[in-house]
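# Pasted the sequence and its predicted model underneath.
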Amino acid sequence: MAESAEDRYARWSWIHETAVMTGWNFAALGSRLRADDPPWDFELTCAKAMARSAACLDMGTGGGERLRDLVRRVSAVGGFLGRESILHASEGWKPNLDVATSALAEYGIEVREYDSEIGDPMPWPDDFFDLVMNRHESYDPAELARVVKPDGGFLTQQVDGTEASEFRLWFGGRPETPQNRLGPRLNELEEQGFTITDADAWTGTMEFADVEAVIEYLAYSPWDVPGFTVADNLVALDRLAARRSPIEVTQKRFLIVAER
């Protein structure tokens, strides 16, 4: 018996309402999401920088999985995190704080709550870090300039604020951070006294196996289509469901390597 439209809509709504991100990854989507990778290796860049830095911060550590893997990877690039190394992490999304704290406890890494978009100062003193790493997390350039030591570094990979414009075409709305683009971010850092040593921008593709994968992804990434609901987008979702080919959207990333 074929699924009725009402049952299909109810199933889609259930998918969206019950999808919960744990940590910071899209592993639950499995092979239903395929994403291109940028030409640079941000994790390798971070590991190499960690190997020559004493006090390091991972901003927006998620569930701590990335920083945990980076600690393990440092030895693979010929580095060593000895007792003199001090590792710190921050996370602004409350559900992830406990997850990250547990994941990083064995390394003695304290996870502090911090969200740059609130406008509070970073919870560390001036000139504290040799290295600040930031993957897909917001940041305040003035606060970075305060906590990064002279000759210290800042590494970030960011999601361009105009990524996945197809979602807005299909479902309406505007991206939350359209200003998050390479040019403006470079200018902001330079205004705070940073020297840009490397920068790059890249465009690729994300491919979803079916409309259910799109719905689940939007639950994990609500900033892509703020306020998205299944009920408000039934016509667009039905059109996507009728496609025989995978559903593609545009990925956009940029990289900044800076020194103070």
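Arrived safely. Residues are numbered from 1 along each chain as shown.

# Show me what the strand or helix carrying residue 197 pairs with in its sheet, parallel or antiparallel.
Per DSSP states H and E, residue 197 falls inside strand 195-208. Strand 195-208 has these partner strands in its sheet, going by DSSP bridges: strand 33-35 (antiparallel), strand 247-259 (antiparallel).

# just the strands in the chain please.
33-35, 55-59, 86-91, 110-113, 129-135, 148-159, 195-208, 247-259 (DSSP state E).

# Just tell me which of the ones you listed ends up closest to residue 214.
Distance to residue 214, taken as CB to CB, is lowest for strand 195-208 among the strands of the chain, at 4.9 Å. C-beta: built from backbone N, CA, C; applies to glycine.

# Identify the residues contacting the closest one?
Around strand 195-208, the neighbours that count as contacts under CB atoms under 8 Å, 6 or more residues apart in numbering are 32-40, 160, 164, 182, 186, 189-190, 214, 217, 246-260.

# before we move on, what about stretch 212-232?
Against stretch 212-232 from outside (CB under 8 Å, 6+ apart): 9, 12-13, 15-17, 19-21, 26, 28-29, 32-33, 163-164, 167-168, 171-177, 208, 237, 240, 247.

# Name the nearest residue to the residue nearest the centre of the chain, sequence neighbours excluded.
What sits nearest the mean C-alpha location of the chain, by CA atoms, centre = their mean, is residue 136, with 3.0 Å. Excluding its sequence neighbours, the residue lying closest to residue 136 (CB to CB, 6 or more residues apart in numbering) is residue 159, at 5.4 Å.

# which residues touch that neighbour?
136, 180, 252-253.

# Any of the residues you listed buried? List them.
Buried subset of these (neighbour count, 16 or more other CB atoms under 10 Å): 180, 252-253.

# what's the closest of those residues to residue 107?
residue 253 (27.5 Å).

# Could you give the bridge partners of the closest one?
If you apply DSSP bridges, the partners that residue 253 bridges to are residue 159, residue 202.

# Next, the buried residues of the top helix by length along the chain.
Identified as the longest helix of the chain according to DSSP state H is helix 5-18. If you call a residue buried by 16+ other CB under 10 Å, then helix 5-18 has these buried ones: 8-9, 12, 15-16.

# residues in contact with it?
With CB under 8 Å, 6+ apart as the test, helix 5-18 has contacts from 3, 211-212, 215-216, 218-219, 228-231, 234, 237, 241.

# Run a quick neighbour tally on residue 35.
13 (other CB atoms under 10 Å).

# what's near enough to touch the closest residue to residue 180 other than its chain neighbours?
Closest residue to residue 180 apart from its sequence neighbours, by CB to CB, 6+ apart: residue 161 at 3.6 Å. Applying CB under 8 Å, 6+ apart to residue 161 gives the contacts 175-181.

# 6 Å instead, please
Going by CB atoms under 6 Å, 6 or more residues apart in numbering, residue 161 touches 175, 177-180.
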